[in-house]
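S.K.: need a structure here:
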Amino acid sequence: MKKRVVFLDTVHPILFDRLNDAGMACTWETDLGRDAILNGALSAVHGIVLRSRLTMDSAVLKSMPKLQWIARSGAGLENIDTATASALGIRVINSPEGNAASVGEHVLGQLLMMLHKLHSGHQHVRDGGWNRESYRGSELGAKTVGIIGYGNMGRAFAQRLSGFGCRVLAYDIAKRDFNEEFGIEEVGIEAIFEHCDVVSLHVPLTPITNKMVQTRWIQQFKKPIILINSSRGSVIETTAIVDGLASGHLEGAILDVIEYEKDSLEGLSLRPQAFEILSKHDRVVLSPHVAGWSHESYFKLSDVLAHKILRNPREQL
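M.R.: Numbers count the residues shown, from 1 in each chain. Below is the predicted model:
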């Protein structure tokens, strides 16, 4: 009997095709909701593929007694109760390798845009201006850049920084022995606070990192910084960004994610005053959670998952 795999979110069809070709029975169920799952709609499935639309909490996981694996297209696992999954013997697979390059390029592009005033300069000329002095930029090579979180995303950013001649410091709460890769310096968090001009966050959303960046955290830096977040919005309290820009502790902010995003990450759940301030601020660069969502990463996210699923004999027929 073929193992049944259900796709709960839209992903690149290469994953569907490769699993089907391997002898699995794959179906698309992208409109299936939580209630239907709790009522047994997936009680006979062996594998599920998802992104962020649904939360796989304990109750949902226990309603799928035959489930062997969950494939999460992307990096974040905050919508999956990994502890319960482990206790139930369910393998959880993600694909951060698939969109790391996209994140690295996107963050670098936004940083260069801010340092060299590329967007505002472009708009100034479009509006009829030609004030050269007002749009003089700063070189990345003269900066010290800090990376907090040296997983796939942080490493991809470090690799892309390596050609600019800037000093790069990297800190990770768990990972060790990556010193000198791409010329970076592996340091403690204190060195990040002391030396950095730019700090980029590449951390997962966990109880430790949730609301990690607050006003007091920002105030620990010895000089004004540009703060970048392309990880998860809830890592930063948005009001702390507003306060930091007003107090001078932040020179600027680059945000691909915001704490007011919906759980599905598709749109904002609310737009409070803090967000409205940032959306109009001339030292803030925003994008709609697309750092890891390039045309190329759409394919690679699924290709990586297919490789990880099919290389494990447990998932073979």
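S.K.: identify the residues contacting the closest residue to Leu8 other than its chain neighbours.
M.R.: Closest residue to Leu8 apart from its sequence neighbours, by CB to CB, 6 or more residues apart in numbering: Leu50 at 4.3 Å. For every residue, glycine as well, the C-beta is placed using N, CA and C. Counting by CB atoms under 8 Å, 6 or more residues apart in numbering, Leu50 touches 7-9, 56, 70-73, 79.
S.K.: excluding its backbone neighbours, what's nearest Gln219?
M.R.: His249 (5.7 Å).
S.K.: how about the strand or helix carrying Ser102: buried residues?
M.R.: For Ser102, the element it lies in under DSSP states H and E is helix 100-115. Buried positions in helix 100-115, judged by neighbour count with 16 or more other CB atoms under 10 Å: 100-111, 113-115.
S.K.: so Glu261 bridges to which residues?
M.R.: Beta-bridge pairing for Glu261 (DSSP bridges): Leu268.
S.K.: does it touch His289 like I think?
M.R.: Yes: between Glu261 and His289 there is a contact under CB atoms under 8 Å: 6.5 Å.
S.K.: joint contacts of these two?
M.R.: Gly233.
S.K.: who does the nearest residue to Arg283 once chain neighbours are set aside form a beta bridge with?
M.R.: Closest residue in space to Arg283, ignoring its immediate chain neighbours: Gly252 at 4.2 Å, by CB to CB, 6+ apart. Beta-bridge pairing of Gly252 under DSSP bridges involves Ile226.
S.K.: quick one: neighbours of Gly252, just the number.
M.R.: Using other CB atoms under 10 Å, Gly252 has 21 neighbouring residues.
S.K.: is it in contact with Val284, as I believe?
M.R.: Yes: with contact defined as CB under 8 Å, Gly252 reaches Val284; the gap is 6.7 Å.
S.K.: where exactly do the strands run in the stretch 201-317 of the chain?
M.R.: Here the stretch 201-317 of the chain has its strands, by DSSP state E, counting those that start in this stretch, at 225-229, 250-255, 284-286.
S.K.: which intervals of the stretch 51-200 of the chain have sub-threshold pLDDT?
M.R.: Along the stretch 51-200 of the chain, no part satisfies pLDDT under 70.
S.K.: now the strands for it?
M.R.: Using DSSP E, counting those that start in this stretch, strands in the stretch 51-200 of the chain cover 69-72, 91-94, 144-148, 167-171, 185-186, 198-201.
S.K.: with distance to Ala41 and mean neighbour count as added columns, please give those strands in a markdown table.
M.R.: Listed next are the strands of the stretch 51-200 of the chain as a markdown table, based on distance: least, CB to CB, whole Å; neighbours: other CB atoms under 10 Å:
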| stretch | distance to Ala41 | mean neighbour count |
| --- | --- | --- |
| strand 69-72 | 16 | 23 |
| strand 91-94 | 21 | 18 |
| strand 144-148 | 41 | 25 |
| strand 167-171 | 44 | 22 |
| strand 185-186 | 47 | 16 |
| strand 198-201 | 37 | 25 |
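S.K.: would TSV of the ones you listed with distance to Asn229 be doable?
M.R.: Output for the strands of the stretch 51-200 of the chain, formatted as TSV (distance: least, CB to CB, whole Å):
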stretch	distance to Asn229
strand 69-72	21
strand 91-94	20
strand 144-148	10
strand 167-171	15
strand 185-186	21
strand 198-201	5
